[in-house]
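[1] What shape does this take:
(chains A and B)
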Amino acid sequence: MVASPALPDTCLLCHECALLVDLAHLEEGQRAVCPRCGYLLSARHRDANVRILAFALTALLCLALSTGFDFVHLSSTGLERELSLPQTITSLFALREWSLAAFMGLVIIGLPLVFLGTLGALVLGIQANRAGHWSFTLLRGVGFLRFWNMAEIFFLGILVSMVKIADMAQVSLGLSFWAYACFNLFLILALANVDRHQLALAIRRQLAAREAAP
Amino acid sequence: MKEQEENARELTGCPLCGQVQTRARSRCQSCGQRLHPQRTPNLQYCWSLLLTGLIFYVPANLLPIMRTTQLGGTDYNTIASGVVVLWEHGSYLIAGIIFVASLLIPLAKFVVVSALALSQQREGLLSPRNATRLYRLTEFVGRWSMVDVFVVGFLAALIQMGNLMSIHPGPAALAFAAMVVATMLAANSLDPRVFWERGGALNAERA
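    From the prediction side, this is the model:
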């Protein structure tokens, strides 16, 4: 169905300006930028899939760790308060701030968790040479969840809050805080190795190879 | 090269998997994703989301975003008064961050997204290159406005010490979150390829 003459599968139209580009000569470790609008078309990171899996798994572990310990410890004129990461959400529920609690729980913990799971399943499928049409569904999910994940913005929010209350109370950071910081770091590292074009190309090639073979 | 360009006019790239195919298709041949018809940009989504954001912008700035109870007294702070308080306390960096993220970026976003949508309706308002640059900037920067909502949510969860000191989120927090979500969706609904298609069409006519 492709317009004649048939284009190689390394061809793509720039996502932002629709220029036709052939990335056949893109080597591992190189990145391709649209010659017309400068959009980053694709980057072939070395061992991208293995790295994504490693970083995503580490990020998941850090997220799990960050729910188990103290997040912050607050003391002010004799009163003490300890808060864990899940309690930042449940305390809001207790204040009857349902919508705010639900929204924050979703974009801070829920979506990043689902995002890492989706990304892991997608890349695992490709690595195992088992990519199917379901892989495209996961790829769509990865794009959606990446858009709505706000873990790093929450992290900035925590830092701002700390400074805001620094002169009102003594604040110390717990183990969970550092685990959450590491979770953010590894999430960013995993994302840095995600390239939509390379993932889609891998899925398309595996599908085509399976169709060609009887 | 010229021929290739002519060819590209009849082609479209799948927004999900990148498969290059003819424009006539409504769904991608390899992954089934719905393909965008580029020729006629539908800006109704963008305008209505932008209007939604603008409606939420009013209560987000007029109503209090945070209620602080300290030793019996209760303070209500709006976004703007919160920035002023921080500035007076000498936290210039934090005041700067909140000012930029909560006041400057949302306003700039309304202006920029409107300009981008207008330039898709009227040619010659912005060059394709500048329009694309602005589009990228709004896409990248928009979500960071949410930081104030998280600050309020986190402080409210943390500071609950009865009459001594407690913080509650105000109605503006939700309105602000809704405003950011609406403008994020508005910016995201724009198709940057339209800028270039128009420019390309103009160039072709001149040649």
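[2] Let me see the ranges of the strands in chain A.
    All strands of chain A, identified by DSSP state E, fall at A:11-13, A:20-22, A:31-33, A:40-43, A:72-76, A:79-83, A:170-173.
[3] Distance check, B:Leu190 against B:Arg122.
    With distances taken as C-beta to C-beta, to the nearest Å, B:Leu190 is found 15 Å from B:Arg122. Using the backbone N, CA and C atoms, a C-beta is placed for each residue, glycine as well.
[4] between these two, who's got more neighbours?
    Between B:Leu190 and B:Arg122, counting by other C-beta atoms under 10 Å in any protein chain shown, B:Leu190 is the more crowded of the two (21 against 10).
[5] shouldn't that one be in contact with B:Arg136?
    No. The pair B:Leu190 / B:Arg136 is not scored as a contact, 11.1 Å apart, by C-beta atoms under 8 Å.
[6] still on that earlier bit, can you say which of the strands of chain A is packed in most?
    Scoring these by mean neighbour count under mean count of other C-beta atoms under 10 Å in any protein chain shown gives strand A:11-13 as the most buried, with a mean of 22.
[7] Domain ranges for the chain, per the record?
    Picked chain A for this. Chain A breaks down into these domains under automatic domain parsing: A:1-44, A:47-212.
[8] Chain B, not that one
    B:1-37, B:41-206.
[9] okay if I get the ones you listed as JSON lines plus mean pLDDT?
    As requested, the domains of chain B are exported to JSON lines (pLDDT from 0 to 100):
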{"stretch": "domain B:1-37", "mean pLDDT": "75"}
{"stretch": "domain B:41-206", "mean pLDDT": "88"}
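[10] how about the residue positioned nearest the centre of chain B, what does it touch?
    Centroid-nearest residue in chain B: B:Met184, 3.3 Å away (criterion: C-alpha atoms, centre = their mean). Contact analysis of B:Met184 by C-beta atoms under 8 Å, 6 or more residues apart in numbering or on different chains lists A:147, B:142-143.
[11] B:Thr183: which element?
    Using DSSP states H and E, B:Thr183 sits in helix B:171-189.
[12] tell me how far that helix is from the chain's mean position?
    Centre-to-centre, helix B:171-189 and its host chain are 8 Å apart (C-alpha atoms, centre = their mean, to the nearest Å).
[13] What's the local residue count around residue 65?
    Unless you meant another one, I'm taking chain A. 17.
[14] Actually, chain B is the one I wanted.
    With other C-beta under 10 Å as criterion, B:Ile65 counts 26.
[15] before we move on, what about B:Ser102?
    Neighbours of B:Ser102 (other C-beta under 10 Å): 26.
[16] need the contact list for the residue nearest to it when sequence neighbours are not counted.
    Taking C-beta to C-beta, 6 or more residues apart in numbering or on different chains as the measure, B:Ser102 lies nearest to B:Asp148, with 4.4 Å between them; neighbours along the chain are not counted. By C-beta under 8 Å, 6+ apart, the contact list for B:Asp148 reads A:157, B:65, B:79, B:98, B:101-102, B:176.
[17] Spatially, which two of those are the most separated?
    Spanning the widest gap among those are A:Gly157 and B:Ile79, at 14.0 Å by C-beta to C-beta.
[18] and B:Leu164, what is it in contact with?
    Per C-beta under 8 Å, 6+ apart, neighbours of B:Leu164: A:76-77, A:79, B:70-71.
[19] right, I mislabeled it, should have said A:Leu57
    By C-beta under 8 Å, 6+ apart, A:Leu57 lies in contact with A:Gly120.
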